[in-house]
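**Q** Model the following, please.
(4 chains)
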There are 2 protein chains.
Amino acid sequence: MTEKATVESLLDPATDTPPALMCSIARSLCVVGERWTFLILREAFWGSTRFSEFRDRLGIAPDVLTDRLATLTEAGVLTREPYQEPGRRVRDAYRLTPAGRQLQIVLGALQQWGDDHLPPPGGPTVTRRAPDGRPVHIGFIDPDGHEIPADEVEFARTANYPS
Amino acid sequence: MTEKATVESLLDPATDTPPALMCSIARSLCVVGERWTFLILREAFWGSTRFSEFRDRLGIAPDVLTDRLATLTEAGVLTREPYQEPGRRVRDAYRLTPAGRQLQIVLGALQQWGDDHLPPPGGPTVTRRAPDGRPVHIGFIDPDGHEIPADEVEFARTANYPS
DNA sequence: CCGCCTGAGTAGGTAAATCCAACTTAGCTA
DNA sequence: TAGCTAAGTTGGATTTACCTACTCAGGCGG
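**A** Numbers count the residues shown, from 1 in each chain, chains lettered A, B, ... in the order given. You can find the predicted model right below:
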């Protein structure tokens, strides 16, 4: 990982990547694992679309933001759409793609863990609710849509797992 | 974020942290958001407990590994336990705490997203199965244990959300 | 047309994190 | 007492992040 690891480079047999770096978690982290990326995504979920919104809300350096937005756009997590307010010039809006929206589960899981184990004074800062108003949590689910307790889930490497 | 952001520093009113950095996601990322951390946790879930196991499986630099293990131990995600093989000297084993085991949902969500959107050639490298053998996925669940589709979940900032 | 304003970056220098290889240390064994 | 090994530590080079200032393009007012 001396150079910036891309998904392509991890999967390229020519690079002698340690096998353990090739799993789905490592590939996801190539896209979303750099510093600031999850926070940028969080802002995108709250509705930020413009460069200056991300920069101002997060206090991130502009060159780093440029880099992260490019990585996310190339990976298909965000799209750039030309966008024009009346009487303003055209500019780009960064919006979540369907693939990006599916990262909501990852963000929600991080949020849930932080609420449970690093509680802020004053209680949680965000709630997740079903249409009927009841609280929603994140967990493992079987094909019928029923929760499976975490300690009953069996993880197994497939034949395709890098040895 | 010029110095290493700790959970304590984010919550300390004396530091003028941008408010958006104080949510549960940001606090979780102080613990698990640094480079290598998720991969170390993945190895811990697969059963690695010793310094050399993490180092050799991941190819991580030993000084970085020392730092990450210390961060995770201080945050209560791992514990150090003295451990002795017969005929060997005592050494420390790093094991997941209950709080650490709950990160399985975050890792599973990353894995699921990678399998869905950055598919490896040859199919998924890991499966998640219920005791009856059926596949398990990760998603939103109501208090009765029934799945809620992601697009029906409403996220709302509470009064405690930093403005 | 001309100068000004604004959003969206780019550039340059500094600080910090990472990487890599070599070295140290503490117990056990011979 | 010397050697072996796991678990780090240390020093120096490289990469990444940070921060400030600057550029660039389009729209607007005059």
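
**Q** show me the residues around A:L72 that make contact.
**A** A:V31, A:V32, A:T37, A:I40, A:L41, A:L78, A:Y94, A:G100 (Cβ atoms under 8 Å, 6 or more residues apart in numbering or on different chains). Where C-beta positions appear, they are placed from N, C-alpha and C, glycine not excepted.

**Q** again, 6 Å this time
**A** When contacts are counted by Cβ atoms under 6 Å, 6 or more residues apart in numbering or on different chains, A:L72 touches A:L78.

**Q** Also the one 3 residues further on?
**A** Listed by Cβ under 6 Å, 6+ apart, the contact set of A:A75 reads A:V31.

**Q** For DNA strand D, see how far away it is.
**A** Going from A:A75 to DNA strand D by Cβ to the nearest atom of the strand, to the nearest Å gives 15 Å.

**Q** Next: A:R157.
**A** 23 Å.

**Q** Skipping adjacent residues, who's closest to that residue in space?
**A** Nearest residue to A:R157, sequence neighbours excluded (Cβ to Cβ, 6 or more residues apart in numbering or on different chains): B:V126, at 5.8 Å.

**Q** Moving C-terminal from the worst-scoring helix or strand of chain A on mean pLDDT, which element do we reach first?
**A** For chain A, using mean pLDDT, DSSP states H and E, the weakest element among its helices and strands is helix A:7-11, scoring a mean of 54. Counting by DSSP states H and E, the next helix or strand C-terminal to helix A:7-11 is helix A:24-32.

**Q** can I see the domain layout of chain A?
**A** A:1-33, A:35-98, A:103-152 (automatic domain parsing).

**Q** Tell me which of those domains sits nearest to B:R88.
**A** domain A:1-33 (24.9 Å; Cβ to Cβ).

**Q** Can you tell me the centre-most residue of chain A?
**A** Centroid-nearest residue in chain A: A:L103, 4.5 Å away (criterion: Cα atoms, centre = their mean).

**Q** can you tell me which residues contact it?
**A** A:L103 sits in contact with A:L41, where contact means Cβ under 6 Å, 6+ apart.

**Q** ok, now A:F38?
**A** B:L29.

**Q** Using the three-state scheme, assign it.
**A** At A:F38 the chain is in helix, as set by DSSP: H, G, I helix; E, B strand; the rest coil.

**Q** Dump the domains of chain A to CSV, plus distance to DNA strand C.
**A** Shown next, in CSV, are the domains of chain A (distance: least, Cβ to the nearest atom of the strand, whole Å):
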stretch, distance to DNA strand C
domain A:1-33, 4
domain A:35-98, 3
domain A:103-152, 18
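
**Q** Sketch out the low-pLDDT regions of chain A for me.
**A** Low-confidence segments of chain A (pLDDT under 70): A:1-22, A:85-88, A:163.

**Q** what about the strands in it?
**A** Here chain A has its strands, by DSSP state E, at A:78-84, A:90-96, A:126-129, A:137-141, A:147-148, A:154-157.

**Q** Of the ones you listed, which is nearest A:L65?
**A** Of the strands of chain A, nearest to A:L65 by Cβ to Cβ is strand A:90-96, at 10.1 Å.

**Q** What residues sit buried inside that closest one?
**A** By neighbour count on 16 or more other Cβ atoms under 10 Å in any protein chain shown, the buried set for strand A:90-96 is A:A93, A:Y94, A:R95, A:L96.

**Q** What residues does A:T73 make contact with?
**A** A:R80.

**Q** ok, 8 Å please
**A** A:T79, A:R80, A:Y94.

**Q** And A:A93, by the same measure?
**A** A:A93 sits in contact with A:T49, A:R50, A:R80, A:E81, A:P82, A:Y83, where contact means Cβ under 8 Å, 6+ apart.

**Q** same deal with A:A130?
**A** So A:A130 contacts A:V136, B:D142, B:I148, B:E152, B:V153, B:E154 (Cβ under 8 Å, 6+ apart).
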